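**Student:** Can you look at this prediction? I've put the sequence above it.
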Amino acid sequence: MAESFAFQLANQVLGKLGLLALQEVVLVWGVKDVLEDLKNTISTIQAVILDAEEQKSNNHQISDWLRKLKNALYDAEDVIDEIEYEALRRKVAKSGSTGKRVRSLFSTSTPLAFRFKMGHKMKNLRERFDKIAADHSKFNLTERVIVVESNMGNRKREMTHSYVDVSHIIGRDREKENILSMLMQPSNDEQENVSVIPIIGIGGMGKTALAKLVFNDERVIERFDKRMWVCVSDEDFETEKLTKKILVSATKESAPDLPLDELQTQLRNELDNRRYLLVLDDVWNDDREKWLKLKELLVGGADGSKIVVTTRKKSVASVMCTLPPQELKGLSHQDCMSLFVKCAFIDGEGKHYSNLVKLGDEIVKKCGGVPLAVRALGCFLFGKVDEHVWASMRDNEIWKSKEDRILPPSSRNEDVEDIDNEYVTELYSRSFFQDVEDHKYIVTFKMHDLVHDLAQSVAQFDHYTPNDAEKLHSSEVRHVSCHGPEEVLTLAQKIDNIRTILFPYKGGRATGGKSFVSTCASRFKCIRYLDLSDSDFEALPSSIGKMKYLRYLTLFRNKRIKKLPASICKLYHLQTLILDECGELEELPSDMGNLISLRFLLVTTKQRTLPGKENGMGCLFSLRVLLINKCDNLESMFEGIQNLKALRTLIISNCPSLVSLSTSVKHLTALEHLIIYNCERLDLMDGGGDEENGIQGYSSSSGSSSRLRSFMIGNLPKLDALPHWLIHGPTATTLRYLHIQSCHKFKALPKSLENLISLQQIEIKDCPTLSALPQGMHLLTALQVLVIVDCPELSKRCTPQTGEDWHCIAHLPRLCLDGEDISGENSGFEEQNGTWEISKSLQLQRQRNFEKPIGKKL
């Protein structure tokens, strides 16, 4: 059965315990042994969870045991998070000013008091889990060990077969001819008429593939009366089992259920006086006695009969061979690249992605010539055109490992966003999601009703909605969806373990004011997700800083809030903070840099300059997404923006006073999506277009890197040309999507546009002074889509057959002029996918993705 929610929760807690054991604070407190004992106990319990899940419907006691276990796991996670919070607090204190470090020593949470409190909690946890572990023995539950990977030498593998598509095998011509020459020779043993040829090589080197090439060669088919293929693999080289397999391959009939004596008689009759070829694939046995028992049944064939053996072990070859073994070495780099490109791209598409092929070349070099590794990595990367995915594979720490692996493990060193995107992509490919819309820097979708029902079923007692009156007194409720704060305040009198508070229903608003937030802070100590959208209070209470577990906080569209308390900067676990459309917010706290876990930040403020110096926004080193919207007074970006090395998406919209972007933005080498919209005074050509001073002013020889994939601009009245850096810097090899909208002075696309070798889609809308396309459009070999809307002169020149620029774009697969698809094929292309107006896209982003986190990627 599928792994259960309780099983996964246990897995999550075990993972956190493993990481926690490495924290300095744990080593200082001397509680590492306690954590290890707790980890071992939970591991023991986890082994029986799957069996308990299967039996719970027929056994109320088991169902009750599982619920107790789940509650204990939640509480364990709370304790772990509290210890992690203390570690983060110490990290912030160490990095702060001297005064702050001194104050931290005299804080109310002294190390001794905290250590005593945590020691007490850990003891209680251990006692609870010991009791739960003892209770499970009453139910005779069976352990289910899930083996993820084994490095043992003799591993079970899929059964092989003899068929091969010759076009899929690259670089083994010389080895094939060597073996064929031996197969064509008569027996070299006067006493025996059968010879044995071993093929030796490490796992993945292509031993089986080479054996298939030989087995299916026309010369072999003509020479041998009978050809047989047997995959030995993990068999214990038992004579009876192997005899049956060989007989099945020889007769093409099902295995007879006969004793060994009758089996060997039938086999000898099949082979008698016939020249045969037998392939024994994946042999591990080096016990000569077992081999001789089998061999004596195979000597009845005609002279020149041959046995080809594939094995990883030289000891197997020495026991079985009568002819020199063929030892396989790694493929040449050229052959490896041919195989990699064949697996990673559809035929001929590799030439459109020269940047990916270059990364692939570096990946292939690390494969050591092992074709299985090359093939597997190529297939894994097939369909993935995000350059950072390829770079992540190239830079994976597993290449430094001494373990005998063919592929990097599934727990790759990736950002959580990358892993989430992979899960979402997989679920979408299986039709779990619907109404998917790709806006390049964000993908939105809806959950299928059946998936929603499944989620509710899995949540069981954890989730409360207004229709769940029977759960009002349940200590198991962790997540609540309510009509309004009043309902939450009622729950607060009965439930105190709430982790999530949502107001998803129409008309539902967090209108309870400061008192509501104060109640949440005092009552719901474990809260992780707090939705205060459309709230109407003027200030958050300072008690917000007590919500030390909080990961997600939104004040979206609070029209009255003027100030945030300094204590909000104590939320060291906070990952998402949404202050978008808080139009009366006068300023952000000066110590924003203390939010060291923050990954998503959406801001609207009245400030002229955002806090960046010392401990401001320039210290948000974990930040992945930054949206600056409707900051009417903002004149320039904050200092220290160049320190945001993890920033992937930067969105600046509706900032009418913004004059320039800091040249430090050029240091954002992780930036993938840059969206600028409705900034009337902004001049993107700051620095006169000098590539050293432009927004991402890299020199082509500077060695700088870029991951920029999407560049979207709209309503920039001063823009008359594309920035120099976009065309001539390293972004020229990474940019895939270019969107220009409502730039009424934009006159021309540069001739050097042809430098954008990865560009796949261009959208130009409402640019009336743009009158022509550059002549080098045909050199954009990766370009798939061109959309032109409300550009009268340009549309005229692109008129099919008669337009002056038609010859530049006639080859494109998808072409849309003023809303009409003229690509000449039923490609399912719709203008709305990826071509929505930026204003609509931003609105959709805030409402669908940030408020209810269902979007795919940012």
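**Tutor:** Here it is on my side, so go on.

**Student:** rest of the way, CA atoms for contacts and neighbours
**Tutor:** Will do.

**Student:** what about the strands in the stretch 51-200 of the chain?
**Tutor:** 194-200 (DSSP state E, counting those that start in this stretch).

**Student:** again, but for the stretch 651-800 of the chain
**Tutor:** 673-677, 710-714, 737-741, 761-765, 785-789.

**Student:** Nearest to Lys252, out of those?
**Tutor:** strand 785-789 (53.2 Å; Cα to Cα).

**Student:** distance between the closest one and the chain's centre?
**Tutor:** 31 Å (Cα atoms, centre = their mean, to the nearest Å).

**Student:** Can you list the strands that that strand pairs with?
**Tutor:** Next to strand 785-789 in the sheet, as set by DSSP bridges, lie strand 761-765 (parallel), strand 814-817 (parallel).

**Student:** List phi and psi for the most centrally placed residue in the chain.
**Tutor:** Centroid-nearest residue in the chain, with Cα atoms, centre = their mean: Ile419, separated by 2.3 Å. Note on Ile419: backbone dihedrals following degrees, to the nearest 10 are phi -70, psi -40.

**Student:** For it, give its distance to Leu756.
**Tutor:** 28 Å (Cα to Cα, to the nearest Å).

**Student:** Check what pLDDT the spatially closest residue to Val194 that is not a sequence neighbour gets.
**Tutor:** Spatial nearest neighbour of Val194, excluding adjacent residues (Cα to Cα, 6 or more residues apart in numbering): Ser305 at 4.7 Å. pLDDT for Ser305: 93.

**Student:** same check, this time on the one 5 residues further on
**Tutor:** The predicted structure scores Thr310 at 94 on the pLDDT scale.

**Student:** same thing with Leu719?
**Tutor:** At Leu719, pLDDT is 92.

**Student:** From Ala772, how far off is it?
**Tutor:** On the measure of Cα to Cα, Leu719 and Ala772 end up 17 Å apart.

**Student:** Looking at these two, which one has more neighbours?
**Tutor:** Neighbour tally, Leu719 and Ala772, criterion other Cα atoms under 10 Å: the higher count belongs to Leu719, 21 against 18.

**Student:** now that one: how far from Ile676?
**Tutor:** Separation of Leu719 from Ile676 (Cα to Cα): 12 Å.

**Student:** Ser233 now?
**Tutor:** 59 Å.

**Student:** just Glu86 next, same as before
**Tutor:** 39 Å.

**Student:** now do Ser522
**Tutor:** Relative to Ile676, and taking Cα to Cα, Ser522 is found at 41 Å.

**Student:** Look at these two and report which has more neighbours.
**Tutor:** Shown here are Ser522 and Ile676; by other Cα under 10 Å, Ile676 has more neighbours (22 against 14).

**Student:** Could I get the contacting residues of the more buried one?
**Tutor:** By Cα atoms under 8 Å, 6 or more residues apart in numbering, the contact list for Ile676 reads 651-653, 712-714.

**Student:** That one and Gln741: what is the separation?
**Tutor:** In terms of Cα to Cα, Ile676 sits 10 Å off from Gln741.

**Student:** shared neighbours of those two, which are they?
**Tutor:** In contact with both Ile676 and Gln741: 713-714, using Cα under 8 Å, 6+ apart.

**Student:** Not counting sequence-adjacent ones, nearest residue to Leu260?
**Tutor:** Glu240 (5.7 Å).

**Student:** if we can go back for a sec, would a markdown table of the strands of the stretch 651-800 of the chain with distance to Asn269 and mean pLDDT be doable?
**Tutor:** Listed next are the strands of the stretch 651-800 of the chain as a markdown table, based on distance: least, Cα to Cα, whole Å; pLDDT from 0 to 100:
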| stretch | distance to Asn269 | mean pLDDT |
| --- | --- | --- |
| strand 673-677 | 71 | 95 |
| strand 710-714 | 70 | 95 |
| strand 737-741 | 69 | 96 |
| strand 761-765 | 67 | 96 |
| strand 785-789 | 66 | 95 |
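
**Student:** Let me know which of these is the nearest to Leu9.
**Tutor:** Per Cα to Cα, nearest to Leu9 of the strands of the stretch 651-800 of the chain: strand 673-677, 33.9 Å.

**Student:** Direction included, what does the closest one pair against?
**Tutor:** strand 649-653 (parallel), strand 710-714 (parallel).

**Student:** Do a quick rundown of the helices in the stretch 601-750 of the chain.
**Tutor:** Ranges of helices within the stretch 601-750 of the chain are 724-728, based on DSSP state H, counting those that start in this stretch.

**Student:** Can you list the low-confidence ranges for it?
**Tutor:** Residues of the stretch 601-750 of the chain meeting the criterion pLDDT under 70: 686-705.

**Student:** residues touching Asp303, list them.
**Tutor:** 186-187, 193-194, 275.

**Student:** And the longest helix seen in the chain, what does it pack against?
**Tutor:** Assignment by DSSP state H gives helix 60-95 as the longest helix of the chain. The contact analysis (3 or more Cα pairs under 8 Å, 6 or more residues apart in numbering; DSSP states H and E) places helix 60-95 against helix 5-20, helix 32-55, helix 98-105, helix 111-136.

**Student:** on that earlier part again, now the strands paired with strand 673-677 in JSON lines, with distance to Glu820 and mean neighbour count?
**Tutor:** JSON lines is the format used below for those (distance: least, Cα to Cα, whole Å; neighbours: other Cα atoms under 10 Å):
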{"stretch": "strand 649-653", "distance to Glu820": "29", "mean neighbour count": "22"}
{"stretch": "strand 710-714", "distance to Glu820": "22", "mean neighbour count": "22"}
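
**Student:** how many neighbours does the spatially closest residue to Lys212 that is not a sequence neighbour have?
**Tutor:** Among residues not flanking Lys212 along the chain, Ser162 sits closest, at 5.5 Å (Cα to Cα, 6+ apart). The number of residues packed around Ser162, counting by other Cα under 10 Å, is 19.

**Student:** do the same with Ser457
**Tutor:** 11.

**Student:** and if you look at Met447?
**Tutor:** Around Met447 there are 16 residues (other Cα under 10 Å).

**Student:** dump the residue contacts of it.
**Tutor:** Per Cα under 8 Å, 6+ apart, neighbours of Met447: 432-434.

**Student:** ok, it to Pro504 distance?
**Tutor:** 15 Å.

**Student:** go on, Asn124?
**Tutor:** 37 Å.

**Student:** With neighbour numbers in mind, choose between these two.
**Tutor:** Between Asn124 and Pro504, Pro504 has the larger neighbour count (other Cα under 10 Å), namely 16 against 13.

**Student:** so the more buried one makes contact with Ser481?
**Tutor:** Yes. Counting by Cα atoms under 8 Å, Pro504 sits close enough to Ser481 to count as a contact (6.6 Å).

**Student:** rewinding a little: would you mind putting the contacts of Asp303 into CSV with neighbour count and distance to Leu779 alongside?
**Tutor:** Below are the contacts of Asp303 laid out as CSV (neighbours: other Cα atoms under 10 Å; distance: Cα to Cα, whole Å):
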residue, neighbour count, distance to Leu779
Pro186, 15, 59
Ser187, 21, 61
Asn193, 19, 64
Val194, 25, 61
Arg275, 20, 59
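
**Student:** can I get those in TSV with pLDDT and distance to Ala373?
**Tutor:** Below are the contacts of Asp303 laid out as TSV (pLDDT from 0 to 100; distance: Cα to Cα, whole Å):
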residue	pLDDT	distance to Ala373
Pro186	83	37
Ser187	74	37
Asn193	82	38
Val194	90	35
Arg275	94	36
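
**Student:** now, among those, which is nearest to Asn216?
**Tutor:** Looking across the contacts of Asp303 and measuring by Cα to Cα, the closest to Asn216 is Arg275, at 15.9 Å.

**Student:** For that closest one, list the residues it contacts.
**Tutor:** Contacts of Arg275 by Cα under 8 Å, 6+ apart are 223-226, 301-305.

**Student:** Low-confidence stretches in the stretch 1-150 of the chain?
**Tutor:** Those would be 1-3, 21-22, 25, 28, 30, 96-111, 144-150, if you go by pLDDT under 70 across the stretch 1-150 of the chain.

**Student:** same deal with the stretch 351-500 of the chain?
**Tutor:** The stretch 351-500 of the chain contains residues with pLDDT under 70 at 397-413, 429-431, 450, 470-474.
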